[in-house]
Structures are given as structure tokens and as C-alpha cells.
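# Pasting the sequence and the predicted coordinates here, then a few questions.
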Amino acid sequence: MQKLTKSWLGLSLCLLLTGCMLSYEKLTLQETIAQERIDVRFLAKGFTGDSMIVTMRGKVNKPTNVTIPHGILLSNRNKRQDLVAVRYKGKTQSIDAAKYRAVEEQFLNAEKKQTVHFVLEVYSINFDRDYIQAHDQFVINGMAEGDLKQFVDFLAAQKDGNDTAKQLAIWAITYNPTQEEVLEYYSNIRSEHFTIAEELMIDSGLNAEDYLLFDE
């Protein structure tokens, strides 16, 4: 009888846990917003690397497992630099630029009246626009396509790397500047950044010779 009771309790617990898991509907961030399940606020701390913090608050009693597709385009309502989100980095407890740290977790869930902060790895897609300001507002405006999508998908699989080189490669795709133009705008760029950027392009399967940045 004792063994039967333990077996029954184990089965009940298993069913309960399975039921809880199944109760979370899996939707992309865009789908969750479109269905008005969440409010979101995008806070950019810069335009290169792990510099976008998203605050997400559940609005309805529909628990949702939110997924973040690679290549979300974020349009700046203030007409400064737009961004492409390479990947979700994880949750964070603080939105303070000096303190936040992404803790990578498998699940990003939205529940009613619960607020979650998480970090995105983002890069500018506008080489010649003004720098992002602290209170700029962003909205989702489509997904990366073509060469940009191919490169973003490649970057999303990388766990580390040189953020400056990644940024240069993305500008090569979206704006196609020369090295001289880049150095005119950004004096902190060094020759090795161009070299690493070219290597990234090649590793992603793109032809670096198609871009003026590597035609030197």
C-alpha cells in the first residue's frame, strides 16, 4: 500500500508539472505584443553589444513563454540610430547601466502583473545617424533580411567575439562605407577591427569582396 501511495503521488506530481508546463503558450515577442499580452519598453544603453534592456510586464492572465527571434529590427522614434537585435542574452535584476548583468536562462515567461527585465545584444544599422540618447524610444519594425539576416544568424551562434568588429561588419552590409568614412566618424577604430570584421564576414558565408569596407 505504501509503494502504491508513493507511485500515485509521483504520478500526480508528474501530471501537475506537465500541466504547468503546457499552460505556457509559446509565442514570439512580436506575437505576444500583437496579442496585447504584454507591455514592453526598450532602453538602449548604447548601440553596440549587450546594450539594450527590455522591460516586459504581463497584462493578461495568459501565461506565455516568450521567444526572441534573431534579427528583430528596432526603429528609433527619435530619428537617431536604429538597431538590429542579434540575440537574447538573459534576464537582469537591474536596469542601471553600471550594474546590469544578463543571467542566461532557458525560459523567458510573461505572467499577469509580473515585470521582467532582460538584455539583448544589439548593433546599429545606421552608420551616419546621431548617437542614441538615454530616453530614445524604440518600436519593433520588422526583421532582418538578405545578407543582414545571414550575418545576424551567424553572430547569434557565437558566444563571444569583438563587438566593434561585429558592428563594422553590420555597417558594411547596411551602409557599405569605406574605411576612410568609418575612421572619419569613429576615431577609436583600429586596423585590427577591420581585419576581424572581414574574417567574420567570410566565416558567415558572405563574400567580403562585395563590400567597400574590405576593398583596401
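Received the coordinates, thanks.
# isn't there a strand covering residue 55?
Yes - counting by DSSP: H, G, I helix; E, B strand; the rest coil, residue 55 is part of a strand.
# That one reaches residue 110, doesn't it?
No - contact criterion C-beta atoms under 8 Å: residue 55 and residue 110 do not qualify, at 11.6 Å. (Each C-beta comes from the backbone N, C-alpha and C, glycine too.)
# who has more neighbours, the two?
Neighbour tally, residue 55 and residue 110, criterion other C-beta atoms under 10 Å: the higher count belongs to residue 110, 26 against 15.
# What distance do you get for the more buried one to residue 23?
Using C-beta to C-beta, to the nearest Å, residue 110 is found at 13 Å from residue 23.
# list residues touching both of those two?
residue 63 (C-beta atoms under 8 Å, 6 or more residues apart in numbering).
# Residue 209 in helix, strand or coil?
helix.
# gap between the spatially closest residue to it that is not a sequence neighbour and residue 90?
Distance criterion C-beta to C-beta, 6 or more residues apart in numbering; nearest residue to residue 209, sequence neighbours excluded, is residue 215 at 7.1 Å. Per C-beta to C-beta, residue 215 is found 38 Å from residue 90.
# same question, residue 108
To residue 90, residue 108 is 9 Å away according to C-beta to C-beta.
# Common neighbours of the two, please.
Here residue 108 and residue 90 have residue 118 as joint contacts, going by C-beta under 8 Å, 6+ apart.
# sorry, back to before: surely the residue nearest to residue 209 is in contact with residue 207?
No - assessed by C-beta under 8 Å, residue 215 is found out of contact with residue 207, at 11.6 Å.
# Starting from residue 25, give me the distance back to the nearest residue to residue 188 once chain neighbours are set aside.
Once flanking residues are discounted, residue 188 sits nearest to residue 164: 7.9 Å by C-beta to C-beta, 6+ apart. According to C-beta to C-beta, residue 164 stands 39 Å off from residue 25.
# who has more neighbours, the two?
Neighbour count, other C-beta under 10 Å: between residue 164 and residue 25, residue 164 has more, with 19 against 15.
# which strands and helices sit next to the strand or helix carrying that one?
When elements are assigned from DSSP states H and E, residue 164 belongs to helix 163-174. Applying 3 or more C-beta pairs under 8 Å, 6 or more residues apart in numbering; DSSP states H and E, one finds that helix 163-174 contacts strand 48-58, strand 115-124, helix 146-156, helix 191-203.
# please redo it, this time with the cut-off set to 10 Å
strand 48-58, strand 83-91, strand 115-124, helix 146-156, helix 179-185, helix 191-203 (3 or more C-beta pairs under 10 Å, 6 or more residues apart in numbering; DSSP states H and E).
# which neighbours do residue 55 and residue 110 share?
Residues touching both residue 55 and residue 110 (C-beta atoms under 10 Å, 6 or more residues apart in numbering) are 38-40, 116.
# quick revisit: format the helices and strands packed on helix 163-174 as JSON lines; extra columns: mean pLDDT and distance to residue 139.
Putting the helices and strands packed on helix 163-174 into JSON lines (pLDDT from 0 to 100; distance: least, C-beta to C-beta, whole Å) gives the following:
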{"stretch": "strand 48-58", "mean pLDDT": "89", "distance to residue 139": "12"}
{"stretch": "strand 83-91", "mean pLDDT": "93", "distance to residue 139": "11"}
{"stretch": "strand 115-124", "mean pLDDT": "93", "distance to residue 139": "14"}
{"stretch": "helix 146-156", "mean pLDDT": "98", "distance to residue 139": "19"}
{"stretch": "helix 179-185", "mean pLDDT": "94", "distance to residue 139": "26"}
{"stretch": "helix 191-203", "mean pLDDT": "97", "distance to residue 139": "28"}
